[in-house]
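Participant: How does the following fold in three dimensions:
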Amino acid sequence: MMDLSTILLFISTFFLISLTPGMCMTLALSLGMSIGVRKTCWMMYGELLGVAIVAISAVLGVATLMLSSPLLFLLFKVIGACYLSYLAIQMWRSKGTLSLHGKISTSQQTDISALFKQGFFTAIANPKGWAFMVSLLPPFINKSYALPPQLFVLVTIILICEFVCMFIYATGGKGLSLLLAKHENVKILNKTSALLMFFVAIWLVMS
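Facilitator: Numbers count the residues shown, from 1 in each chain. Take a look at the predicted model:
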């Protein structure tokens, strides 16, 4: 179905990238502190649905391109590698600041559907999320194996990583907020993810 080494590399890559402070993670942290973990989970469920749609769409688009035009797919991989390298450089040069996103009104804090929609549209409407998925997933698709099993494995790993990281942020509360408020801690996390992302970019070109 998929090589174990490829699965392990994807897990380590995506988990570290998910763990870095971004829109969804800081949203989970902010809501976890203001309305509690249990209610924040509804935002997380919506975000996971959105991420699943983005990931599946990205994989199917890449697979279609791979089968229809190998030369175009090669060009696409090079562009994707360049974009990943650009993201890695931006993460490496990050000043390590943490800003809390997604505060909602008091009336919405008890509205489960509002929380779910907020998480869903945060994932769907994020252009960087689409670009990142399209750039990251190609090196992990193997033409020697059937696509559906690979799609299931990749999306499952993505959703598990996303949920675990959001749960860490949501339950971290003030302690995690204070930890990430220290620029050096965020810088270390960003630099680690940047190195791993740059490695994937090199692998993407060479694969």
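Participant: drop to CA atoms for contacts and neighbour counts, all remaining ones
Facilitator: Noted.
Participant: pLDDT at the closest residue to G36 other than its chain neighbours, what is it?
Facilitator: Nearest residue to G36 in three dimensions, chain neighbours excluded: A170, at 7.8 Å (C-alpha to C-alpha, 6 or more residues apart in numbering). On the pLDDT scale, A170 is placed at 87.
Participant: Show me which residues of the helix or strand where A170 lies are buried.
Facilitator: According to DSSP states H and E, A170 maps onto helix 147-181. For helix 147-181, burial by neighbour count (16 or more other C-alpha atoms under 10 Å) applies to 150-151, 154-155, 157-159, 161-163, 165-173, 177, 180.
Participant: what does stretch 121-136 give?
Facilitator: 121-124, 129-130, 132-136.
Participant: from those residues, which is closest to G61?
Facilitator: Comparing the buried residues of stretch 121-136 against G61 with C-alpha to C-alpha picks out V134 as the nearest, at 8.3 Å.
Participant: Tell me the helices and strands packed up against the host helix or strand of the closest one.
Facilitator: According to DSSP H and E, V134 maps onto helix 127-136. On a contact count with 3 or more C-alpha pairs under 8 Å, 6 or more residues apart in numbering; DSSP states H and E, helix 127-136 meets helix 37-68, helix 70-92.
Participant: Quick check: of the buried residues of stretch 121-136, which lies closest to M23?
Facilitator: Minimum distance to M23 across the buried residues of stretch 121-136 is 7.8 Å, recorded for T122 (C-alpha to C-alpha).
Participant: Quick one: name whatever helix or strand follows the helix or strand bottoming out on mean pLDDT in the chain.
Facilitator: Least confident helix or strand, the chain: helix 106-109 with a mean of 48, by mean pLDDT, DSSP states H and E. Beyond helix 106-109 on the C-terminal side, the first helix or strand identified by DSSP H and E is helix 112-124.
Participant: Any idea how far that next one is from the middle of the chain?
Facilitator: 16 Å (C-alpha atoms, centre = their mean, to the nearest Å).
Participant: What helices and strands are in contact with that helix?
Facilitator: For helix 112-124, the packing partners by 3+ C-alpha pairs under 8 Å, 6+ apart come out as helix 23-35, helix 37-68, helix 106-109.
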